[in-house]
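Chemist: just coords:
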């Protein structure tokens with residue numbers, strides 16, 4: 001019977017192929033036995049037979065054929081290790097049942113270990129991370145498929161794996177404390193809130209202040225905190241604000257956001273707005289002094305009505321003048337010749353043992369402890385200027401001056417009465433005090449005459465007789 005694969009020329013006797021010798025499709029064509037008969041053309045009955053065996057040798061002509069021909073996939077960065085991305089199926093057209101070799105070659109980034117190929121299966125080999133700069137890649141690779149034929153034929157399957165970022169973490173910020181003076185102008189920069197996010201990019205954060213009652217504003221992108229309105233330390237000293245943070249542009253889904261918060265504290269620094277006020281602003285006092293003793297004259301009482309929390313003040317004597325007098329108001333006598341007092345600044349201001357007046361805190365004290373000081377024999381009047389300034393930590397330090405007039409009455413042996421008087425006349429505070437530091441008896445002597453009782457009787461009778469005599473004499477004159 002005729003052979004479908006081969007034919008022979010009837011004239012030349014050449015054996016030729018009549019069909020493709022595809023061993024993969026027709027494995028039986030590997031060995032073909034042909035029977036050839038030769039005979040004379042003129043004598044057909046004369047012939048001969050020949051057995052011919054044709055061995056078809058396998059030739060590696062076709063590279064492996066793979067499905068899919070290109071592998072493209074997209075996975076999130078949170079894909080677990082070991083996740084199967086795809087399975088490639090390849091066959092060798094020259095040898096369908098032959099074993100093929102597979103190799104994974106990376107192009108970008110080179111040498112990565114994030115993907116692996118295990119027996120035609122492409123898998124995630126390591127944790128995918130997009131939270132550091134340049135870490136989230138498009139992995140470009142290829143799978144090289146090799147057959148075992150001669151010559152060696154290969155097929156390259158392109159691989160593209162795109163890793164997309166996932167918004168995994170919520171933003172956070174560190175609590176901070178800002179300080180601002182109560183006289184700060186609007187739009188003053190207090191500072192910035194530092195926000196951070198473990199997702200990349202790390203600065204894709206927006207800032208907001210929860211609630212809108214506080215006089216502060218926050219820049220949505222930079223986190224800068226600025227003052228919007230006036231502050232008043234006396235009304236509110238401390239503000240606690242909740243800062244809300246929201247991330248963006250960190251996920252394939254633009255609607256995926258995470259939020260966080262922290263608390264910032266704003267402390268208002270006190271600024272002196274008002275000077276101290278002394279009550280009364282002007283004092284006039286009378287004291288009796290005793291040689292070798294100290295006399296507490298008065299206590300200067302000052303405060304800041306608008307800021308009652310200010311309780312610390314400093315006191316100093318900044319000026320004064322003394323006048324010698326022959327008497328006191330209300331006791332007779334007139335003012336003497338005015339003279340500058342004290343004779344030197346050390347006597348008034350130094351505060352040492354030579355000072356005639358000194359301040360012990362807010363208490364004005366007259367010192368007469370040293371015998372070296374001249375003892376005034378006549379009443380003296382001293383006009384003192386006391387400087388009062390707030391001494392707290394706030395600035396600026398404001399001050400005021402109060403005037404104290406002291407009438408000094410020296411102690412004498414003729415003084416027999418002690419009195420204390422306090423009055424306020426036309427805003428002037430008058431005070432007559434004895435020593436409060438050392439008990440002192442002050443006497444005031446008044447001269448008077450007290451006759452005996454018999455003398456009063458005689459004087460009364462004599463006066464009556466004298467009146468009678470004068471009346472009789474007057475009547476006689478009128479009659480004559």
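Modeler: Received it, and whenever you're ready, just let me know what you need. Since we're looking at a predicted model, the values are computed, not measured.

Chemist: any idea how far the nearest residue to residue 138 once chain neighbours are set aside lies from residue 73?
Modeler: Spatially, and ignoring its direct neighbours in sequence, residue 138 is nearest to residue 162 (5.0 Å; Cβ to Cβ, 6 or more residues apart in numbering). The way it works is simple: take the backbone N, C-alpha and C, and place the C-beta from them, glycine included. Applying Cβ to Cβ, to the nearest Å, one obtains 7 Å for the distance of residue 162 from residue 73.

Chemist: What of residue 116?
Modeler: Here the distance between residue 116 and residue 73 works out to 15 Å (Cβ to Cβ).

Chemist: With residue 316 instead?
Modeler: The spacing between residue 316 and residue 73, counted by Cβ to Cβ, is 86 Å.

Chemist: Strands of the stretch 101-250 of the chain, start to end?
Modeler: With DSSP state E, counting those that start in this stretch applied, the stretch 101-250 of the chain shows strands at 101-108, 115-118, 121-124, 138-146, 154-164, 172-173, 177-181, 189-192, 195-196, 205-209, 216-218, 224-227, 238-247, listed in chain order.

Chemist: List the buried residues for the first one?
Modeler: So the one you mean is strand 101-108. Of the residues in strand 101-108, those scored as buried under the neighbour-count criterion (16 or more other Cβ atoms under 10 Å) are 102, 104, 106.

Chemist: Tell me what angle that strand forms with strand 154-164.
Modeler: Orientation note: strand 101-108 sits at an angle of 50 degrees relative to strand 154-164 (axes from the mean of the first three to the mean of the last three Cα atoms, to 10 degrees).

Chemist: How far does stretch 193-209 sit from its chain's centre?
Modeler: In terms of Cα atoms, centre = their mean, to the nearest Å, the gap separating the centre of stretch 193-209 from the centre of its chain is 17 Å.

Chemist: Provide a list of residue ranges in the stretch 201-350 of the chain with pLDDT below threshold.
Modeler: Counting by pLDDT under 70, the stretch 201-350 of the chain contains low-confidence ranges at 291-292, 321-350.

Chemist: hmm, 80 instead?
Modeler: Under the criterion of pLDDT under 80, the regions of the stretch 201-350 of the chain flagged as low confidence span 212-213, 272-273, 289-293, 306-307, 309-310, 320-350.

Chemist: and residue 137, how many neighbours does it have?
Modeler: By the other Cβ atoms under 10 Å criterion, the neighbourhood of residue 137 contains 15 residues.

Chemist: which residues touch it?
Modeler: Going by Cβ atoms under 8 Å, 6 or more residues apart in numbering, residue 137 touches 108-109, 112, 163.

Chemist: Compare those and tell me which is most surrounded.
Modeler: Ranked by neighbour count under the definition other Cβ under 10 Å, the contacts of residue 137 are headed by residue 163 with 21 neighbours.

Chemist: From residue 105, how far off is it?
Modeler: For residue 163, the distance to residue 105 (Cβ to Cβ) stands at 19 Å.

Chemist: Also residue 47?
Modeler: Taking Cβ to Cβ as the measure, residue 47 and residue 105 are separated by 63 Å.

Chemist: same thing with residue 46?
Modeler: From residue 46 across to residue 105, the span is 68 Å (Cβ to Cβ).

Chemist: same thing with residue 115?
Modeler: Note on residue 115: its distance to residue 105, by Cβ to Cβ, is 11 Å.

Chemist: which neighbours do those two share?
Modeler: Both residue 115 and residue 105 are contacted by residue 141, under the criterion Cβ under 8 Å, 6+ apart.

Chemist: out of the contacts of residue 137, who's nearest residue 188?
Modeler: For these, the residue nearest residue 188 by Cβ to Cβ is residue 163; the value is 45.7 Å.

Chemist: Identify the residues contacting that closest one.
Modeler: With contacts defined as Cβ under 8 Å, 6+ apart, residue 163 is in contact with 74-77, 79, 128, 130, 136-139.

Chemist: what comes up buried for the host helix or strand of residue 267?
Modeler: Residue 267 is part of strand 259-269 when elements are defined by DSSP states H and E. Judged by neighbour count using 16+ other Cβ under 10 Å, the buried positions of strand 259-269 are 260, 262, 264, 266, 268-269.

Chemist: for stretch 17-26, same thing?
Modeler: Neighbour counts over stretch 17-26 (16+ other Cβ under 10 Å) mark 21, 23 as buried.

Chemist: Pull the contacting residues for the residue nearest to residue 359 when sequence neighbours are not counted.
Modeler: Once its chain neighbours are removed from consideration, residue 359 has its nearest residue in residue 315; the separation is 4.9 Å (Cβ to Cβ, 6+ apart). Shown here is residue 315, whose contacts under the criterion Cβ under 8 Å, 6+ apart are 300, 359, 361-362, 386-388.

Chemist: re earlier: got the contact list for the strand holding residue 267?
Modeler: 170-182, 190, 193, 195, 210, 214, 216, 225, 231-233, 236-247, 394.

Chemist: Can you pull out the residues in contact with whichever helix or strand comes after it?
Modeler: Tracing the chain C-terminally past strand 259-269 and defining elements by DSSP H and E, one meets strand 277-278 next. Under the contact criterion Cβ under 8 Å, 6+ apart, strand 277-278 has outside partners 300-305, 388, 400, 402.

Chemist: Which strands border the strand or helix carrying residue 52, and is each parallel or antiparallel?
Modeler: Residue 52 belongs to strand 47-55 when assigned by DSSP H and E. For strand 47-55, the pairing partners within the sheet under DSSP bridges are strand 31-39 (antiparallel).

Chemist: buried sites along the partner strand?
Modeler: By neighbour count, and taking 16+ other Cβ under 10 Å as the criterion, the buried residues in strand 31-39 are residue 32.

Chemist: Among the contacts of residue 315, name the buried ones.
Modeler: For the contacts of residue 315, burial is judged from neighbour counts taken by 16+ other Cβ under 10 Å, and it is met by 300, 359, 362, 386, 388.

Chemist: how near is the first one to residue 360?
Modeler: Note on residue 300: its distance to residue 360, by Cβ to Cβ, is 11 Å.

Chemist: what's the burial count for residue 297?
Modeler: For residue 297, using other Cβ under 10 Å, the count is 27.

Chemist: same deal with residue 2?
Modeler: Using other Cβ under 10 Å, residue 2 is surrounded by 7 other residues.

Chemist: For it, which residues are in contact?
Modeler: Contacts for residue 2 were tallied using Cβ under 8 Å, 6+ apart; there are none.

Chemist: quick one: it is in a helix?
Modeler: No. Assignment of residue 2 by DSSP: H, G, I helix; E, B strand; the rest coil gives coil, placing it outside any helix.

Chemist: Can you say which helix or strand has residue 476 in it?
Modeler: With secondary structure defined by DSSP H and E, residue 476 is part of helix 453-479.

Chemist: Remind me what that helix packs against, helices and strands.
Modeler: Based on contacts counted as 3 or more Cβ pairs under 8 Å, 6 or more residues apart in numbering; DSSP states H and E, there is no element that helix 453-479 packs against.

Chemist: ok, and for it, which residues are buried?
Modeler: Neighbour-count burial for helix 453-479, counted by 16+ other Cβ under 10 Å, picks out no residue.

Chemist: same question for it, mean pLDDT?
Modeler: Summarised as a single mean, pLDDT over helix 453-479 is 89.
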